[in-house]
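Undergrad: got a predicted model here, sequence first, then my questions.
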Amino acid sequence: MQSPFLTDMLEGLNKTPKVLNSMYFYDKIGDTIFQEIMNMDAYYLPKVELEIIQNQTAEIANRLSSEELDIIELGAGDGVKTVAFLKNMIAAGKKVNYVPLDISPDVLEINKTNILSQIPELSIEPIAGDYFKTMAILKDRKKPKLILFLGSNIGNFKGQRGTDFLKLVKSHMTSEDHLLLGADLKKDPKTVLRAYNDPEGITARFNLNLLSRMNRELKANFDIKKFEHYPYYDPISGSCYSYLVSLENQSVEIADQTILFSKNECIHTEVSQKYSLNDLQELCESAGFEKFQTFLDQKQWFCLALTQ
Ligand SMILES: C[S@@+](CC[C@H](N)C(=O)[O-])C[C@H]1O[C@@H](n2cnc3c(N)ncnc32)[C@H](O)[C@@H]1O
C-alpha cells in the first residue's frame with residue numbers, strides 16, 4: 001500500500017501551482033533543524049511567547065476554575081516552552097496531567113525527557129500521530145481540559161482552513177474546557193521576513209529538507225542544489241509564504257513518476273499567518289468560540305489567546 005507521505009507528495013507535485021504539506025517537514029532531521037531555528041536570534045517567536053508564559057501563566061491559571069486539569073498539547077514539539085508553562089501552572093496550585101500530541105515520535109521522546117528532567121513527578125502521556133486523527137482521544141477524557149496550540153502553529157492554516165481546524169478542536173471540547181492559542185501578531189514587516197530568511201541559511205535548510213526527505217524515504221532524485229528557498233511576506237494580509245524555486249528546467253523521478261519543473265517554477269511549502277488582535281478574535285468566533293481573552297508580551301508581538 002502507498003504510504004500517506006508518498007500519496008500526499010505526489011498529489012501536491014501534480015497540482016498547479018505545486019504545493020507540499022508542511023506537516024512533512026518534521027522527520028528526525030527536520031526536528032533537529034527546527035530546534036536550531038528556535039534558537040536563532042532572527043526567529044523572535046519563541047522568545048516573546050516564552051515571555052508571556054513566564055509573566056502571565058499565573059493570570060491564565062486564575063481564569064480556569066478547575067483545580068485539576070488535563071493539559072493536552074497539539075503539535076507539542078520539544079516542550080522547551082511548555083515546561084515553563086507547566087511549572088507555572090503547578091506553582092499556581094493546579095494539579096495537571098500532560099498529554100503531548102505530535103506527528104514526530106522523535107520529538108515526543110525529546111519532549112518527554114525535557115519535561116521529566118524538570119518536573120519528575122508529572123504524569124505525562126505522549127501520543128504520536130497526526131493530530132487530525134489522534135485528537136479523537138480527547139473525547140474520552142473526563143477531566144476538564146486545557147488544550148494548548150502554541151508556537152504560532154495556527155498560522156500554518158490560512159483562511160477557512162484555520163476556521164475548520166478550530167471547529168474540529170472545538171467539537172472535541174466540553175463547555176468546561178479551554179483552548180490556549182499562541183498566535184504571532186502583525187508587526188514591522190522587515191522583522192517578520194527576517195525570521196524566515198536568516199542569513200545563516202538555517203530556514204533554507206529546513207525548507208529544502210522536505211526534498212531530501214523524499215530522496216531518503218521515497219527514493220526520489222531531487223538535486224537539492226537546483227532548488228532555492230524563497231520566503232515572501234505580504235504585510236497587508238499578514239501571510240508569510242515559503243517557496244522552493246526550481247533554478248532550471250528539470251525533471252525529478254519519484255515512485256515511477258516523472259515530475260517536470262520549469263525554470264523559476266515555485267513549490268509552495270508553508271504559510272505562516274500573522275494576525276491583528278481583531279483578526280484573531282474573528283477567527284476564534286468564526287469557529288464558535290464565544291469567550292476570548294488575550295495575554296501579550298511587552299512589545300505586543302505575540303499573543304496567547306484563552307478561548308472557550
Ligand atoms: C512549529 S512546530 C511548534 C512546536 C511547539 N508547539 C512549539 O511551540 O515550540 C510544529 C510542531 O507540530 C508538529 N506537527 C505538524 N503537523 C502536525 C500534525 N498534522 N499532527 C501532529 N503534529 C504535527 C510538528 O512535528 C512540530 O513538532
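TA: Arrived safely. The structure presented is a predicted model; accordingly, all values stated were derived computationally and were not measured.

Undergrad: just how off-centre is stretch 79-95 within its chain?
TA: Averaging C-alpha positions (CA atoms, centre = their mean, to the nearest Å) puts stretch 79-95 20 Å from its chain's average.

Undergrad: parallel or antiparallel, list what pairs with whichever strand or helix holds I259.
TA: According to DSSP states H and E, I259 maps onto strand 257-261. Here strand 257-261 has these sheet partners by DSSP bridges: strand 250-254 (antiparallel).

Undergrad: now the residue in the stretch 101-250 of the chain that the ligand sits nearest to: how far from F25?
TA: Taking CB to the nearest ligand atom, the ligand has its nearest neighbour within the stretch 101-250 of the chain at G151, 2.1 Å off. For every residue, glycine as well, the C-beta is placed using N, CA and C. Distance, G151 to F25, using CB to CB, to the nearest Å: 13 Å.

Undergrad: and the residue of the stretch 101-250 of the chain closest to the ligand, how many neighbours?
TA: G151 has 22 neighbours, counted by other CB atoms under 10 Å.

Undergrad: can you give me the helices for the stretch 51-200 of the chain?
TA: Remark: helices assigned in the stretch 51-200 of the chain by DSSP state H, counting those that start in this stretch are 80-91, 105-118, 131-134, 160-171, 189-195.

Undergrad: before we move on, back to that, could you point out the helix or strand that follows the strand holding I259?
TA: strand 266-273.

Undergrad: buried ones in whichever helix or strand comes after that following strand?
TA: Sequence-wise, the next helix or strand downstream of strand 266-273 (DSSP H and E) is helix 277-286. For helix 277-286, burial by neighbour count (16 or more other CB atoms under 10 Å) applies to 277, 279-281, 283-284.

Undergrad: how about helix 277-286 as CSV, C-alpha atoms only?
TA: Output in CSV follows, covering the C-alpha atoms of helix 277-286 (Å, rounded to 0.1, in the frame of the first residue of the first chain):
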residue,chain,number,x,y,z
LEU,A,277,-5.9,41.0,17.6
ASN,A,278,-9.2,41.7,15.7
ASP,A,279,-8.3,39.1,13.1
LEU,A,280,-7.6,36.6,15.8
GLN,A,281,-10.8,37.2,17.7
GLU,A,282,-12.8,36.9,14.4
LEU,A,283,-11.0,33.6,13.7
CYS,A,284,-12.0,32.2,17.1
GLU,A,285,-15.5,33.5,16.7
SER,A,286,-15.9,32.0,13.2
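
Undergrad: related to what we said a few turns ago, just the pLDDT for the closest residue to the residue of the stretch 101-250 of the chain closest to the ligand other than its chain neighbours.
TA: In this structure, G151 finds its nearest non-sequential neighbour in G182, 5.7 Å apart by CB to CB, 6 or more residues apart in numbering. Predicted confidence (pLDDT) at G182: the value is 98.

Undergrad: what's the answer for the one 5 residues further on, then?
TA: For K187, the model assigns a pLDDT of 98.

Undergrad: look up how far L185 lies from N278.
TA: Applying CB to CB to N278 and L185 gives a distance of 11 Å.

Undergrad: no wait, S152
TA: 10 Å.

Undergrad: what's the overlap in contacts for these two?
TA: F302 (CB atoms under 8 Å, 6 or more residues apart in numbering).

Undergrad: where in the protein is pLDDT low?
TA: The chain contains no residues with pLDDT under 70.

Undergrad: near the ligand, which residues of it are found?
TA: Within the chain, the positions near the ligand by CB under 6 Å from any ligand atom are 23, 26, 75-77, 81, 101-104, 107, 130-132, 150-151, 153.
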